[in-house]
Each structure stands twice: as structure tokens, then as C-alpha cells.
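> Predicted model and sequence below, questions to follow.
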Amino acid sequence: MFPTFKIIYAALRRWHIADFALLLVCGILTGAICGGIANAINGKVCPEYFEYIFVRWPLKDVYFNSIKEGIFEGMWVGIIISPIFTLFVLIVSKASCRFTRSWTYLLKIAAIDLACWFTAGMAGVVGARMFPNFYSIVREIGGNDMDRYRLLWVGFSIWGTLYGGIVALIFGCIWFWRDWKTKPALRYKV
């Protein structure tokens with residue numbers, strides 16, 4: 001081997017490039033899983049929402065199409081957020097963090113994202129209760145109070161999971177930075 005290749009190979013081994021690539025891919029998959037879970041529940045809560053929003057879907061496939069749409073949107077959120085988190089971990093750890101130490105932060109990010117999904121859904125229900133004439137989509141679809149609550153749960157919870165990804169990214173980065181700086185065991189165990 002040429003000396004230059006030995007240097008490059010040693011640098012790549014020290015930087016744990018495979019660990020960071022795995023973190024990146026798992027971050028994208030985490031976004032897709034969160035989106036799929038959210039829309040699997042939302043599709044059962046109010047399939048009329050998806051019938052109204054996605055008119056092109058055949059009526060019999062609304063539930064499965066809502067899950068596919070959630071996976072697709074979650075994947076795009078993961079594609080945006082995962083490189084940011086991976087780069088943050090790479091910079092803070094000076095490229096020495098192993099995947100076995102960083103994947104738990106992906107779980108925390110997913111938990112925060114799903115908590116934001118739930119919180120936003122509840123905000124939609126509370127908003128429907130407090131301001132019954134404010135939401136025009138319910139008038140267009142028609143229905144009673146329960147239909148309004150279900151529609152607004154789904155609508156708000158989808159926005160909650162999208163914006164929740166940003167909130168979760170911020171918290172995940174703060175947790176990782178704090179733990180990396182204060183817990184030596186995080187740094188040195190393989």
C-alpha cells in the first residue's frame with residue numbers, strides 16, 4: 001500500500017465513517033417510521049380527512065395510502081433532519097462517537113416527535129371545542145361535533161409531527177452535547 005493510502009485508511013478508521021453513515025441512514029428510517037406510525041393511527045381516527053385531502057386516492061385504499069403518505073413525508077423529514085444531527089454528532093465528538101452510543105439519541109428524537117404529534121392533535125381537538133366556527137374544512141366536509149374533533153385531530157397532529165421533528169432535533173442535539181461533555185463513559189466505551 002502507498003503511504004498516502006495508509007494515512008487515509010487510518011483516518012477513516014479513526015473517524016468511524018461507517019458508524020456515521022449508519023447513524024444517517026437510521027435517522028432517515030426513524031423519520032419514516034414515525035410518519036408511518038402517526039398516519040396509521042390518523043388513518044383509523046379519521047379516514048375522511050385523507051379522502052378529502054387526497055381526492056385522487058380510491059376510496060377502498062385510503063387507510064393504506066395514508067400510511068404510505070406518512071412514511072413518505074416522514075422519510076423527507078428524516079432526510080432533512082438526519083444529516084444535521086449526524087453532522088452535529090460528528091463535530092461535537094470530533095468524529096470519535098460510535099453508533100452504539102449515538103443511536104439512543106435517535107430514539108429520544110423519535111419519542112419527542114411522537115409526543116409533539118400527540119400534543120398537536122390534542123391542541124386541534126381543544127381548538128375545535130373552543131372555536132367551533134373557525135375551521136372551514138369541517139363545513140366543507142360536513143358532519144357533527146365528533147367529526148370536527150376527528151378531522152382537526154388528524155390535521156393538527158400531522159403538522160405536529162412535521163414541526164415536532166425540528167423540536168426533537170434541537171432537544172436531541174442539546175442532550176447529545178451535554179452528555180458528551182459531561183459523561184466520560186459515553187466517550188471512551190466502544
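Looks like it arrived, so ask away. Numbering: from 1, shown residues only.
> Now do the phi/psi pair for Ser96.
The phi/psi pair for Ser96 (degrees, to the nearest 10) reads phi -120, psi 0.
> And the pLDDT at it?
Predicted confidence (pLDDT) for Ser96: 81.
> Which helix or which strand is home to the spatially most central residue of the chain?
The centroid of the chain falls nearest to Gly31 when counting by Cα atoms, centre = their mean (3.8 Å). Following DSSP states H and E, one finds Gly31 within helix 17-45.
> any idea how far Ile166 is from Lys60?
For Ile166, the distance to Lys60 equals 35 Å [Cβ to Cβ, to the nearest Å]. Yep, even glycine has a C-beta here, placed from its N, CA and C like the rest.
> mind listing what's buried in the strand or helix carrying Cys116?
Using DSSP H and E, Cys116 maps to helix 99-130. Buried residues in helix 99-130, defined by neighbour count with 16 or more other Cβ atoms under 10 Å: 99, 101-102, 105-106, 109-110, 112-114, 116-118, 120-121, 123-125, 127-128.
> For the residue nearest to the centre of the chain, which non-adjacent residue is spatially closest?
Closest residue in space to Gly31, ignoring its immediate chain neighbours: Gly78 at 2.4 Å, by Cβ to Cβ, 6 or more residues apart in numbering.
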